[in-house]
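this is a predicted model, with the sequence first.
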Amino acid sequence: MRKSSSPASPKKSMAKKVISSLIWLGTLPLCLYTLFTYLLSYSLVIDHWVAGFIMMTMPYAQVLCFISLIYWLFQRAKRALLPFIVLALGYSFIQRSIAFNSPTSLEKETIGVFSYNVAGMYSNDFEDKKESLAALKKFIIDYSADIKCFQEFYSNADRKPYRTIDMMSEQYPNYAFIPLKEDLFDKNEKMGLAVFSKYPIIHKEGKQFQNSANGYLLTDIVIRKDTVRIINLQLWSMGIRVGKVAGKIRDQDYEDAKREGRGIIASLRKGFIHHRDEMSQINRLIQQSSYPVIVVGDLNETPYGWAYGTIRERLKNAFEEAGSGLGFTLNRSPYFVRIDNQFFSSDWEIFQFKTLRNIRYSDHFPLVAEYKLKKYLSAQP
């Protein structure tokens, strides 16, 4: 005698169909939302601060699309086609997150460009960080590069350990420095943007952004018979301290965690507004340049934001073109972000790019790249 099927089986089957339908209903808006983040980043059609929030969510949307792709491959393979197409369309944005470039052998006479946010060089904690300061100074002097660019570079003529401009200029006699936040320092005490070069600097100009503690420093440098433009910048700092929120949650102080969270959102909103205005100035400097351009510095924004997108419309990104791995540049919470960058115009060929993650003297990691003007490459036999 045949046994009747279990009455639970149809219910399980129905529940499975309902769950599958709900997941599919979630997949459709997810894919549309991900495409919308692409549209904003590709075209920059919206320069409102809200667009900055949306673009920042792109990697999370892509991860969810990838999860849905895997799910549908095992459930209904035809439906996996939609998230697959969405991910394929966003491949160039995936390149902003992870790079697979192999090191290229250096040509003769390449130009090494080094950039590093040195976070004030322990100027607020000197007594406890004397050894660290000595190691940092030795590193920034000894590291081999033709042009060295610093953000938050500190110098104080009244404190012997901090006569850093004199120290650097012994090996790099050509330099430019713009002090920022001058109202916070004494007469002989300065912190700001610095460029040190082995080659002559024929023009330099800098500016502190309006209502900001940050700015840019432009230098035109003569390398052999050519003049190149190096723009060192630091955009508005959003002051995001994810670690504080995590600490409040660990301490079960949920009200303070909420306040910190609201503060982060407010900082991001203000930051996106400032970045739009600041990058309009930087873009003008790029467009008006009759020289090959390299832009370095701390964008204080991820590769999915408006600032990164607008500069990438004009220049190539060194990490994307010659880096490898994930390239995270922040040595503090939230760690897994890339906010320091080097960009270069089409006049240049890049051979190597590295994030020196073993150098931990700051809350940022230094970047170094090797470039050569294409005109010299084409002239080689």
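Everything's here; your move.

C-alpha only now, for contacts and for neighbours.
Will do.

what comes into contact with stretch 297-312?
41-42, 44, 47, 51-53, 55-56, 58, 93, 96-97, 115-117, 149-151, 232-238, 272, 275-276, 279, 283, 337-343 (Cα atoms under 8 Å, 6 or more residues apart in numbering).

mind listing which of those are in strands?
In strands, judged by DSSP state E, the following of the contacts of stretch 297-312 are found: 115-117, 149-151, 232-234, 340-343.

so can I have a markdown table of these showing neighbour count, distance to residue 375 and pLDDT?
Listed next are the ones in strands among the contacts of stretch 297-312 as a markdown table, based on neighbours: other Cα atoms under 10 Å; distance: Cα to Cα, whole Å; pLDDT from 0 to 100:
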| residue | neighbour count | distance to residue 375 | pLDDT |
| --- | --- | --- | --- |
| 115 | 28 | 25 | 98 |
| 116 | 25 | 28 | 98 |
| 117 | 24 | 31 | 97 |
| 149 | 27 | 25 | 98 |
| 150 | 26 | 28 | 98 |
| 151 | 26 | 31 | 97 |
| 232 | 26 | 24 | 98 |
| 233 | 28 | 27 | 97 |
| 234 | 25 | 30 | 96 |
| 340 | 26 | 28 | 97 |
| 341 | 25 | 24 | 97 |
| 342 | 25 | 21 | 98 |
| 343 | 21 | 19 | 98 |
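
now distance to residue 317 too, for the residues you listed, in TSV please.
Compiled in TSV, those are given as follows (distance: Cα to Cα, whole Å):
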residue	distance to residue 317
115	14
116	16
117	18
149	17
150	18
151	19
232	15
233	15
234	16
340	11
341	7
342	6
343	4
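
between those, which is nearest residue 11?
Here the nearest of the ones in strands among the contacts of stretch 297-312 to residue 11, counting by Cα to Cα, is residue 340; it sits at 54.4 Å.

ok, now how distant is that closest one from residue 88?
27 Å (Cα to Cα, to the nearest Å).

over to residue 224?
Taken as Cα to Cα, the span from residue 224 to residue 88 is 44 Å.

who has more neighbours out of those two?
Neighbours around residue 224 and residue 88, counted as other Cα atoms under 10 Å, are more numerous at residue 88. The numbers are 12 against 8.

the more buried one should be in a strand, yeah?
No. Secondary structure assignment (DSSP: H, G, I helix; E, B strand; the rest coil) places residue 88 in helix, not in a strand.

from the chain's centre, how far out does stretch 366-377 sit?
The chain centroid and the centroid of stretch 366-377 are separated by 19 Å under Cα atoms, centre = their mean, to the nearest Å.

mind listing what's buried in it?
366-373 (16 or more other Cα atoms under 10 Å).

OK, contacts around the closest residue to residue 217 other than its chain neighbours?
Once flanking residues are discounted, residue 217 sits nearest to residue 206: 4.2 Å by Cα to Cα, 6 or more residues apart in numbering. Residue 206 sits next to 178, 215-218 when contact means Cα under 8 Å, 6+ apart.

same thing but 10 Å
176-180, 193, 215-219, 231-233 (Cα atoms under 10 Å, 6 or more residues apart in numbering).

quick one: residues in contact with stretch 369-376.
In contact with stretch 369-376 (Cα under 10 Å, 6+ apart) are residues 104, 106-115, 145-146, 226, 228, 292, 294, 318-319, 322-323, 342, 344-355.

show me how to select, in ChimeraX, the buried members of those residues.
What follows is the ChimeraX syntax for the buried subset of the contacts of stretch 369-376, where burial is set by 16+ other Cα under 10 Å:
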select :110,111,112,113,114,115,145,146,228,292,294,318,319,322,323,342,344,345,347,348,349,350,351,352,353,354,355
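
going by residue numbers, what spans are strands in this protein?
99-100, 111-117, 147-156, 174-179, 189-197, 201-208, 215-223, 226-234, 293-298, 316-317, 324-325, 340-344, 348-355, 367-373.

list the neighbouring strands of the last one plus their orientation.
It stands for strand 367-373. strand 111-117 (antiparallel), strand 348-355 (antiparallel) (DSSP bridges).

before we move on, what about the first one?
Pairing partners of strand 99-100, with direction, according to DSSP bridges: strand 324-325 (antiparallel).

ok, now the third one?
Strand 147-156 has the following strand partners under DSSP bridges: strand 111-117 (parallel), strand 189-197 (antiparallel).

return the shortest one as PDB; C-alpha atoms alone will do.
Pointing back at strand 111-117 there. Output in PDB follows, covering the C-alpha atoms of strand 111-117 (Å, rounded to 0.1, in the frame of the first residue of the first chain):
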ATOM      1  CA  ILE A 111      60.300  60.300 -11.800                       C
ATOM      2  CA  GLY A 112      59.500  59.100  -8.300                       C
ATOM      3  CA  VAL A 113      56.600  60.900  -6.600                       C
ATOM      4  CA  PHE A 114      56.000  60.300  -2.900                       C
ATOM      5  CA  SER A 115      53.000  61.600  -1.000                       C
ATOM      6  CA  TYR A 116      52.200  61.200   2.700                       C
ATOM      7  CA  ASN A 117      49.800  62.700   5.200                       C
END
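
quick one: average confidence on stretch 209-228?
The average pLDDT for stretch 209-228 rounds to 93.

end-to-end on it?
23 Å.

and the pLDDT for residue 8?
Taking residue 8 on its own, its pLDDT is 55.

how about residue 1?
49.

and residue 244, by the same measure?
48.

residue 84 versus the spatially most central residue of the chain, what's the distance?
By Cα atoms, centre = their mean, the mean C-alpha position of the chain lies nearest to residue 339, the distance being 2.2 Å. Residue 339 sits 28 Å away from residue 84, taking Cα to Cα as the criterion.
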